[in-house]
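**Student:** A predicted structure for the sequence below; I have some questions about it.
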Amino acid sequence: MYNLTTISKITAAASFGIGTILFSLFLYYGEAHIPAITGLRFLIIAFLINFIFLLVNMILAVITSKDRIDHIKTCGIILLNIPIAILYLYVIISIKSPRI
């Protein structure tokens, strides 16, 4: 059985992978095939799931001293998705906004 840190890392990597695939498909095909709302829905779901894992890892890092470093590293890995998601969102908004 996987422990919490392993599941959290897998979830963070899966969120990054799926988000990158959706972003790439949106850039390649455009909104006709991959609606922006699909990416937004994924972003909300991924945020909630990753936030729960982040919160649990932070609590365990404070409570337990045995695996504290592992929990803190896992929190860092989960938090790495935030700037990437912001970059993807910025690019999509820049593409969709009217140019003056």
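**Tutor:** Arrived safely, thanks for sending.
**Student:** can we go C-alpha only for contacts and neighbour counts from here?
**Tutor:** OK.
**Student:** tell me the secondary structure for Ser15?
**Tutor:** Classification of Ser15 by DSSP: H, G, I helix; E, B strand; the rest coil places it in helix.
**Student:** That one reaches Ile44, doesn't it?
**Tutor:** No. Counting by CA atoms under 8 Å, Ser15 stays clear of Ile44, with 11.1 Å between them.
**Student:** Neighbour count for these two, which is higher?
**Tutor:** More crowded of Ser15 and Ile44, by other CA atoms under 10 Å: Ser15, with 22 against 11.
**Student:** Contacts only, for the more buried one.
**Tutor:** 46, 81 (CA atoms under 8 Å, 6 or more residues apart in numbering).
**Student:** how much space between it and Arg41?
**Tutor:** From Ser15 over to Arg41 the distance is 12 Å, taken as CA to CA, to the nearest Å.
**Student:** And Met58, by the same measure?
**Tutor:** Taking CA to CA, one finds Met58 at 26 Å from Arg41.
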